[in-house]
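Undergrad: Quick one, what's the 3D model for this:
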Amino acid sequence: MLLAHQASNLSEDWLQKWNNGSCRLTSDSVRNEMIESKMVVSFLPDNLLSMIDCLDNQTIADWLIFAAEKRPNDAMVYIGEINHRELVSLLSQTNRFRLAAVYGGLANQMRISGSSTEKVMTLVNKSLELNPQSELAMIVKALMMRNSGQLLDGIALLEQVTVLYPKSTFAWECLADLRIDNSDYKGAESAARISIGSIPSGVASWGKNLLARALFKQGRCDEALYYAQISARNNPESPYDLIILGDVYWCLGDRDLASSVYQQLEMIDPDYASYVHERIQSTK
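TA: Prediction:
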């Protein structure tokens, strides 16, 4: 069965032919109608290949760009059923870059959800094949390098990304994070400040948490407190923001507030129980 959802009105005759599986749908008029309507199609597994039978390859390529941007997870299943290099050959440079961004976004989603390095890197490499300077794919690759013990290589790659995309908030944030891992706290502070400066004031950002961490690691707890408080206020149930807030209070000698934050952290995420107990004991 093939499910179709219309983004705008199509002729009833065309839609009936589509849903009835009539596969002679390669004329220019049908192609144009499909592309202009921006039809978003979700396939069930037993009909994944029906698109190849019903439409010419150029139409598939044109449709895929829109579908991949609107329903990326469905489109990625379909992408897996066709020859990647053949697809690339059908796309204009603009559409190659658009599809590269889709691959990069999905790679990042998979990274966050804990997918294997192999699966994440498969999408990263496809993105970089389409566009060697794909912003998100380069960032995800750097983060995966860190996870595999190639911290310095990851930092070097992120530095390249910030040159190519100096306004990329996420790139600067990730660079600050990796520099903290490398104990380069001044460098992390610089990257975090740039990330914060790239977004409107008052908008919650990971950069404020990173800046608080970088300042804390330098022993500048008075300065760190401001950013730690903002981060915890914007994300009151985030363990990462509560940890740095509690640590800053502890650094400043405010043991009661530190203990209160640590206890809140344990209530939100019991996995931090041992960390919390160790910290609370250290405040006594």
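
Undergrad: and Gly253, that's in a strand?
TA: No: judged by DSSP: H, G, I helix; E, B strand; the rest coil, Gly253 forms no part of a strand; its state is coil.

Undergrad: roughly how far apart are it and Ile243?
TA: Gly253 sits 18 Å away from Ile243, going by CB to CB, to the nearest Å. In short, each C-beta sits where N, CA and C put it, glycine included.

Undergrad: which one of those two has more residues nearby?
TA: The residue with more neighbours, out of Gly253 and Ile243, is Ile243; 22 against 10, by other CB atoms under 10 Å.

Undergrad: Report all helices and strands that the lengthiest helix in the chain contacts.
TA: The single longest helix within the chain, with elements called by DSSP state H, is helix 93-112. Applying 3 or more CB pairs under 8 Å, 6 or more residues apart in numbering; DSSP states H and E, we find helix 93-112 packed against helix 57-70, helix 72-79, helix 117-130, helix 135-147.

Undergrad: where in the chain is pLDDT low?
TA: Applying pLDDT under 70 to the chain picks out residues 1-91, 201-204, 280, 282-284.

Undergrad: Mind splitting it into its structural domains?
TA: Domain ranges of the chain: 1-91, 99-165, per automatic domain parsing.

Undergrad: May I have stretch 152-162 exported as CSV, CA atoms only?
TA: Provided in CSV are the C-alpha atoms of stretch 152-162 (Å, rounded to 0.1, in the frame of the first residue of the first chain):
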residue,chain,number,x,y,z
LEU,A,152,42.7,17.0,18.7
ASP,A,153,41.5,16.1,15.2
GLY,A,154,37.9,17.0,16.2
ILE,A,155,39.0,20.3,17.5
ALA,A,156,41.0,21.0,14.3
LEU,A,157,38.0,20.2,12.2
LEU,A,158,35.7,22.4,14.2
GLU,A,159,38.1,25.2,13.8
GLN,A,160,37.8,24.8,10.1
VAL,A,161,34.0,24.9,10.4
THR,A,162,34.1,28.2,12.2
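
Undergrad: tell me which residues of it are tucked away?
TA: Gly154, Ile155, Leu157, Leu158, Glu159, Val161, Thr162 (16 or more other CB atoms under 10 Å).

Undergrad: Could you check how far the first one is from Leu175?
TA: Separation of Gly154 from Leu175 (CB to CB): 9 Å.

Undergrad: now swap in the third one and tell me
TA: When CB to CB is applied, the distance between Leu157 and Leu175 equals 10 Å.

Undergrad: Let me see the residues that make contact with stretch 117-134.
TA: Stretch 117-134 has contacts (CB atoms under 8 Å, 6 or more residues apart in numbering) with 84, 88, 91, 96-97, 99-101, 103-104, 106-107, 110-111, 136-138, 140-141, 144, 147-148, 164.

Undergrad: Verify the stated contact: Val276 with Tyr262.
TA: Yes: counting by CB atoms under 8 Å, Val276 does reach Tyr262; the two are 4.5 Å apart.

Undergrad: Please identify which of those two sits among more neighbours.
TA: Ranked by neighbour count (other CB under 10 Å), Val276 and Tyr262 place Tyr262 first, with 26 against 22.

Undergrad: Provide a list of residues in contact with the more buried one.
TA: Leu242, Gly246, Val276, Arg279, Ile280.

Undergrad: What ranges does the stretch 151-284 of the chain have for its helices?
TA: All helices of the stretch 151-284 of the chain, identified by DSSP state H, counting those that start in this stretch, fall at 151-164, 169-181, 185-197, 206-217, 221-234, 239-251, 255-268, 273-283.

Undergrad: Pick the most deeply packed of these.
TA: Among the helices of the stretch 151-284 of the chain, helix 206-217 has the highest mean neighbour count (mean count of other CB atoms under 10 Å), at a mean of 25.

Undergrad: list the helices and strands that helix packs on?
TA: Short answer (3+ CB pairs under 8 Å, 6+ apart): helix 206-217 packs on helix 169-181, helix 185-197, helix 221-234, helix 239-251.

Undergrad: Output these as TSV; include the columns distance to Lys126.
TA: Below are those laid out as TSV (distance: least, CB to CB, whole Å):
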stretch	distance to Lys126
helix 169-181	20
helix 185-197	27
helix 221-234	35
helix 239-251	31
